[in-house]
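Student: any chance you can model this:
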Amino acid sequence: QVQLVESGGGLVQAGDSLRLSCAASGRTLNNYGLGWFRQAPGKEREFVAAIGWGTASTNYADSVKGRFTISKDNAKNTGYLQMNSLKPEDTAVYYCAAKLYSNAYVRRYDYWGQGTQVTVAS
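Tutor: As a prediction, this is how the structure comes out:
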């Protein structure tokens, strides 16, 4: 079992940056790929970014490409989502997820965190 806890969300202005963290426990993340998803009010959860278990491959939704960067620090057992140039449409609850030996193109994950709220004011 892998337990995931997101942090780093908050209220920011358009154009600001935030870094979300996804702290894992129960297992080392060395062999796990990570994904970030988000869900805005009244909308379905959507894919944001993913990183393969070996960290060599990454994948992004078109809406965040060039602004967000996903990474994974196996030594700290933590994943990150660096979000720059935030827009009001980025407002959502952000979730991290993990799957054993997954690549960056997986969309189904086995373990999920509880989410962290990101609100971007215009």
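
Student: number of residues surrounding residue 30?
Tutor: Residues within reach of residue 30, counting by other Cβ atoms under 10 Å, total 12. In short, each C-beta sits where N, CA and C put it, glycine included.

Student: how is it assigned, secondary-structure-wise?
Tutor: Secondary structure assignment for residue 30 (DSSP: H, G, I helix; E, B strand; the rest coil): helix.

Student: tell me the contacts of it?
Tutor: 53, 74 (Cβ atoms under 8 Å, 6 or more residues apart in numbering).

Student: do residue 73 as well
Tutor: Neighbour list for residue 73: 79, 80 [criterion: Cβ under 8 Å, 6+ apart].

Student: what helix or strand is the closest residue in space to residue 109 that isn't next to it in sequence on?
Tutor: Closest residue to residue 109 apart from its sequence neighbours, by Cβ to Cβ, 6 or more residues apart in numbering: residue 97 at 3.4 Å. Under the criterion of DSSP states H and E, residue 97 resides in strand 92-100.

Student: hang on, the earlier thing: what bridges to the residue nearest to residue 109?
Tutor: residue 35, residue 112 (DSSP bridges).

Student: count of residues packed around it?
Tutor: 25.

Student: then residue 11?
Tutor: Neighbour count for residue 11, taken as other Cβ under 10 Å: 12.
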